[in-house]
Every structure is written in C-alpha cells, then in structure tokens.
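>>> sequence and predicted structure are below.
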Amino acid sequence: MLAFQATNRFIDIGPVVAGLAGEYGLTAVLISDTPQDTQGASYWLSATDQILVTSNHRLLQSAQIREVGKVLVARPGFRIWTDDYNNLLRILK
C-alpha cells in the first residue's frame with residue numbers, strides 16, 4: 001500500500017492519484033478526518049486527507065476502511081500524469 005498526504009487548500013491531488021492507480025490496476029481510497037470539536041484543545045486540530053493506493057482488496061474490505069473511505073475513480077478525459085506531462089491548472093480547487 002502507498003499512502004499519499006492529500007491535504008491541501010489549493011489543489012486536489014485526488015484525480016492525479018486515482019488516474020495513476022487505475023492505470024496500474026490499483027484502487028485509490030480517500031480517507032478524510034475532520035475534527036468535530038469547535039472549542040478546547042481539539043479546536044486546534046486540522047482536517048486532513050490521505051489517499052491509500054493498493055491492490056489488496058482484503059485490506060479495502062476491512063471495517064475501518066469501509067466506514068470512512070471513499071473509492072476514487074479516474075475522471076473521464078483526465079490525462080495521466082507522467083514525467084513528461086502534468087497540468088496543475090486542472091487540479092486547482
């Protein structure tokens with residue numbers, strides 16, 4: 001499994017990772033953690049996003065992943081990023 005830190009206010013790296021995962025027959029799952037507290041020490045915690053990429057279907061079926069994960073699918077027409085091609089404008093939020 002590969003884990004990508006995807007927390008960013010300005011870009012959405014999800015389509016890039018989902019496209020690459022699909023290209024190689026892997027599954028990409030977005031795990032978002034958003035603190036619910038609006039006061040106290042927990043107020044200072046920030047929302048985070050991680051994308052897990054794996055071919056291990058047993059891992060993806062675990063209760064912990066299924067409860068909080070969202071499977072990412074490649075966007076139609078979204079070109080796969082390579083060493084020779086990328087387009088930051090297409091992933092701006």
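Great, that's in hand. Numbering: from 1, shown residues only.

>>> so what's the nearest residue to Asp33 once chain neighbours are set aside up against?
Leaving aside its chain neighbours, Asp33 sits nearest to Thr48 (4.9 Å; criterion: CB to CB, 6 or more residues apart in numbering). Quick note: C-beta positions are derived from backbone N, CA and C, even for glycine. Contact analysis of Thr48 by CB atoms under 8 Å, 6 or more residues apart in numbering lists Gln5, Thr7, Ser32, Asp33.

>>> could I get these as TSV with distance to Gly22, pLDDT and secondary structure?
Listed next are the contacts of Thr48 as TSV, based on distance: CB to CB, whole Å; pLDDT from 0 to 100; DSSP: H, G, I helix; E, B strand; the rest coil:
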residue	distance to Gly22	pLDDT	secondary structure
Gln5	20	96	strand
Thr7	22	92	coil
Ser32	20	92	strand
Asp33	24	87	strand
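
>>> just the buried members of these?
Neighbour counting over the contacts of Thr48 (16 or more other CB atoms under 10 Å) leaves no buried ones.

>>> from the residues you listed, pick the one nearest Tyr85.
Using CB to CB, Gln5 comes nearest to Tyr85 of the contacts of Thr48, at 22.7 Å.

>>> in three-state terms, how would the closest residue to that closest one other than its chain neighbours be classified?
Among residues not flanking Gln5 along the chain, Gln50 sits closest, at 6.2 Å (CB to CB, 6+ apart). Recorded secondary structure, Gln50: strand (DSSP: H, G, I helix; E, B strand; the rest coil).

>>> on that earlier part again, and the residue nearest to Asp33, what's its pLDDT?
For Thr48, the model assigns a pLDDT of 91.

>>> what of Asp83?
92.

>>> now it: how far from Ala6?
Per CB to CB, to the nearest Å, Asp83 is found 21 Å from Ala6.

>>> now Gln61
Remark: distance between Gln61 and Ala6 (CB to CB) = 22 Å.

>>> no further questions, thank you.
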